[in-house]
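In: Mind folding the following:
(chains A and B)
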Amino acid sequence: GAVVSQHPSRVICKSGTSVKIECRSLDFQATTMFWYRQFPKKSLMLMATSNEGSKATYEQGVEKDKFLINHASLTLSTLTVTSAHPEDSSFYICSAREASGRWETQYFGPGTRLLVL
Amino acid sequence: AQSVTQLGSHVSVSEGALVLLRCNYSSSVPPYLFWYVQYPNQGLQLLLKYTTGATLVKGINGFEAEFKKSETSFHLTKPSAHMSDAAEYFCAVSGTGRRALTFGSGTRLQVQP
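Out: You can find the predicted model right below:
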């Protein structure tokens, strides 16, 4: 089946630094990727929808200047948390939709746990 | 707009007992419904989905769910729980006009020996 990877799986950084998280579709082309944030013992909240070659669409309340999303190729999307603060600590999960697949089918990455000290 | 309500943040069953995880949804368009499972520190794995057609959907690991439009429900069941079923389960909905998923708050399933 389709595989989505995320890197790193875990990152600890100091407050004020920026962190980049990569989401890759390993064996398929993904025209659309989604970024979710999951707080401890909470559900996943959609942050943004990323389409290859165009600007991401952010959900209401998500700061686009703080969470920079780039989807430069059909297999890679990146989320950069700029000037991270402790409240940005969370589990970030991406998902990808196959270009040739059914629109309702998403494949999820294993997640990246971010801890900001 | 879509929303999902999962009744019961924690469910505990004995090994071999019936598993029933409840999910109710609201959607302004015909819904597509999903159940995902999440093991600790891992991403989500699709258990099953309903799009159109047969309202009883069978998924992996012996799980199934029934779409009941009149009750706006999509409850997940498994006849006999196994220890390996212990995980977090999420119900999700997506309408044709909204390509991303809206998730419920999740239900943690515990399986007692």
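
In: who's residue 58 bridged to?
Out: I'll assume chain A. Beta-bridge pairing for A:Tyr58 (DSSP bridges): A:Ala48.

In: hm, I was asking about chain B
Out: Counting by DSSP bridges, the residues bridging with B:Lys58 are B:Glu64.

In: these two touch, right, it and B:Leu76?
Out: No - contact between B:Lys58 and B:Leu76 fails when scored by Cβ atoms under 8 Å: they sit 11.3 Å apart. (C-beta placed from N, C-alpha, C; glycine too.)

In: what sits in contact with each of the two?
Out: B:Leu48, B:Glu64 (Cβ atoms under 8 Å, 6 or more residues apart in numbering or on different chains).

In: Pull the number of nearby residues for the residue lying closest to B:Leu20 once chain neighbours are set aside.
Out: Residue nearest to B:Leu20 in three dimensions, not counting chain neighbours: B:Thr77, with 5.4 Å by Cβ to Cβ, 6 or more residues apart in numbering or on different chains. Residues near B:Thr77, counting by other Cβ atoms under 10 Å in any protein chain shown, number 14.

In: Now name the helix or strand holding B:Thr77.
Out: Element membership of B:Thr77 [criterion: DSSP states H and E] is strand B:73-78.

In: Could you give me the buried positions within that strand?
Out: Going by neighbour count (16 or more other Cβ atoms under 10 Å in any protein chain shown), the buried part of strand B:73-78 is B:Ser73, B:Phe74, B:His75, B:Leu76, B:Lys78.

In: Residues in a beta bridge with the last one, which ones?
Out: According to DSSP bridges, B:Val19 are recorded as the beta-bridge partners of B:Lys78.

In: Wait, it touches B:Lys58, no?
Out: No - applying Cβ under 8 Å, one finds B:Lys78 not in contact with B:Lys58, separated by 10.7 Å.

In: any common contacting residues for those two?
Out: Counting by Cβ under 8 Å, 6+ apart, the residues touching both B:Lys78 and B:Lys58 are B:Glu64.

In: could the buried residues of strand B:73-78 go into a markdown table alongside pLDDT?
Out: Shown next, in a markdown table, are the buried residues of strand B:73-78 (pLDDT from 0 to 100):
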| residue | pLDDT |
| --- | --- |
| B:Ser73 | 96 |
| B:Phe74 | 97 |
| B:His75 | 98 |
| B:Leu76 | 98 |
| B:Lys78 | 98 |
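
In: Quick check: closest non-adjacent residue to the residue nearest the centre of chain B.
Out: In chain B, the C-alpha nearest the mean C-alpha coordinate belongs to B:Trp35, at 3.5 Å (Cα atoms, centre = their mean). If the residues on either side of it in the chain are set aside, B:Trp35 comes closest to B:Leu47, at 4.3 Å by Cβ to Cβ, 6+ apart.

In: Mind listing residues that contact stretch A:16-32?
Out: A:2-8, A:11, A:13, A:33, A:35, A:49-52, A:74-85, A:92, A:94, A:96-101, A:107, A:109, A:112, A:114, B:99.

In: What about the residues you listed, which are in strands?
Out: A:4-7, A:11, A:13, A:33, A:35, A:49-51, A:76-81, A:92, A:94, A:96-98, A:107, A:112, A:114 (DSSP state E).

In: Point out where chain B drops to low pLDDT.
Out: B:95-99 (pLDDT under 70).

In: how about 80 then?
Out: Scanning chain B with the threshold set as pLDDT under 80 gives B:1, B:28, B:41-42, B:95-100.

In: Kind regards, and thank you for your time.
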